[in-house]
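# give me the fold of what follows.
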Amino acid sequence: MTYSDGPRPQRQMFDVSALGLTCSECGTAINELPFQPTKREDGTYGNLYCYDCNKKRMRDRGPRRDFGGGRGRY
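The predicted structure follows:
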């Protein structure tokens with residue numbers, strides 16, 4: 001994907017250090033996330049991962065194939 005106005009803008013990061021979140025994989029404190037987490041009905045934030053563990057999870061998952069949308073090919 002290319003952008004006509006130059007490189008992709010830097011993603012906004014949210015300071016979540018006051019929430020006391022830790023990585024579900026390695027237990028490292030999470031101070032910033034690229035989204036504002038919301039609590040689930042059970043009062044938890046669900047599984048959250050630090051930058052390094054999330055990067056590893058994405059790499060281990062393999063390439064994305066079907067991006068959804070329609071049922072079949074054009």
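# which stretches of this structure form helices?
In order along the chain, the chain carries the following helices (DSSP state H): 51-61.
# report how many residues lie close to the closest residue in space to Pro34 that isn't next to it in sequence.
Spatial nearest neighbour of Pro34, excluding adjacent residues (C-beta to C-beta, 6 or more residues apart in numbering): Arg11 at 4.9 Å. To be clear about C-beta, it is placed using only N, CA and C from the backbone, and glycine gets the same treatment. The local packing count at Arg11 equals 7, with neighbours defined by other C-beta atoms under 10 Å.
# how about the one 4 residues further on?
Residues within reach of Asp15, counting by other C-beta under 10 Å, total 10.
# who are the neighbours in contact with the nearest residue to Leu21 once chain neighbours are set aside?
With sequence-adjacent residues excluded and distances taken as C-beta to C-beta, 6+ apart, Leu21 is closest to Ile30, at 4.3 Å. Contact criterion C-beta atoms under 8 Å, 6 or more residues apart in numbering gives 16, 21-23, 48, 50 as the residues in contact with Ile30.
# equivalent analysis for Leu21, please.
29-30, 33, 37, 45, 48.
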